[in-house]
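Participant: This is a predicted model, with the sequence first.
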Amino acid sequence: MDLLFFLQDAAGSAASAAPQGQPSGPGELLRMLPMLGMILIVMYFLMIRPQSKVRKERDLMIAALKKNDHVVTAGGIYGVIKQVKPDDPDLTLCIDEKNDVCIRVSKESIAKLEGDTKAAPKAEPQEKKS
């Protein structure tokens, strides 16, 4: 008899309780909107804004390329720019000046200027104090 009473009590309390996993209307949506807005703002400041800043710096670097600049391509080729035209998407890169070996590469394939201090900061050795 105690077992039958326990089963009836468990079935009755389960039926009277509201389902907890489902939102109960538009009030829940209005509570989630500020949280969603905060997530979007954090994504903008942590991902989108820094990426656009780097892209603008790269575009400025590519626009400022000139003859006799020492550059490194995205493929790791070191060379000196021998010919660049402002309206041409390509430039001539000399990779061996002794044998006059030059290749034509896209401006977009230039990864960095070789003498650029921002791209490769050099660490100075620290002196040991005795």
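Facilitator: Looks like it arrived, so ask away. Numbering: from 1, shown residues only.

Participant: now Arg104: how far from Leu113?
Facilitator: To Leu113, Arg104 is 19 Å away according to CB to CB, to the nearest Å. Where C-beta positions appear, they are placed from N, C-alpha and C, glycine not excepted.

Participant: To clarify, my last question referred to Lys67.
Facilitator: Taken as CB to CB, the spacing of Lys67 relative to Leu113 amounts to 13 Å.

Participant: Tell me which of the two has more neighbours.
Facilitator: Taking neighbours as other CB atoms under 10 Å, Lys67 and Leu113 compare with Leu113 leading, 18 against 11.

Participant: list the contacts for the more buried one?
Facilitator: Going by CB atoms under 8 Å, 6 or more residues apart in numbering, Leu113 touches 61, 69-72, 119.

Participant: which one among these gets closest to Asp100?
Facilitator: His70 (17.1 Å; CB to CB).

Participant: partners of the closest one in the sheet?
Facilitator: On the basis of DSSP bridges, His70 is bridged to Val80.

Participant: And what about Gly115, helix, strand or coil?
Facilitator: Classification of Gly115 by DSSP: H, G, I helix; E, B strand; the rest coil places it in coil.

Participant: Skipping its backbone neighbours, what lies nearest it in space?
Facilitator: His70 (5.8 Å; CB to CB, 6 or more residues apart in numbering).

Participant: The one you found against Val80, yeah?
Facilitator: Yes: counting by CB atoms under 8 Å, His70 sits close enough to Val80 to count as a contact (5.6 Å).

Participant: More neighbours: the two, which one.
Facilitator: Shown here are His70 and Val80; by other CB under 10 Å, Val80 has more neighbours (17 against 12).

Participant: show me what contacts that one?
Facilitator: Residues in contact with Val80 (CB under 8 Å, 6+ apart) are 68-71, 93-94, 97.

Participant: can I get the CA coordinates of the longest helix seen in the chain in PDB?
Facilitator: If you go by DSSP state H, the chain has its longest helix at helix 26-43. Listed next in PDB are the C-alpha coordinates belonging to helix 26-43 (Å, rounded to 0.1, in the frame of the first residue of the first chain):
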ATOM      1  CA  PRO A  26       8.100  37.000 -24.700                       C
ATOM      2  CA  GLY A  27       9.300  38.000 -21.200                       C
ATOM      3  CA  GLU A  28      12.200  35.600 -21.500                       C
ATOM      4  CA  LEU A  29      13.200  36.900 -24.900                       C
ATOM      5  CA  LEU A  30      13.300  40.500 -23.600                       C
ATOM      6  CA  ARG A  31      15.600  39.300 -20.800                       C
ATOM      7  CA  MET A  32      18.000  37.700 -23.200                       C
ATOM      8  CA  LEU A  33      18.300  40.700 -25.600                       C
ATOM      9  CA  PRO A  34      20.600  42.700 -23.400                       C
ATOM     10  CA  MET A  35      22.900  39.700 -22.900                       C
ATOM     11  CA  LEU A  36      23.000  39.100 -26.700                       C
ATOM     12  CA  GLY A  37      23.800  42.800 -27.200                       C
ATOM     13  CA  MET A  38      26.700  42.500 -24.700                       C
ATOM     14  CA  ILE A  39      28.000  39.500 -26.500                       C
ATOM     15  CA  LEU A  40      27.900  41.300 -29.900                       C
ATOM     16  CA  ILE A  41      29.700  44.300 -28.400                       C
ATOM     17  CA  VAL A  42      32.500  42.200 -26.900                       C
ATOM     18  CA  MET A  43      32.900  40.300 -30.300                       C
END
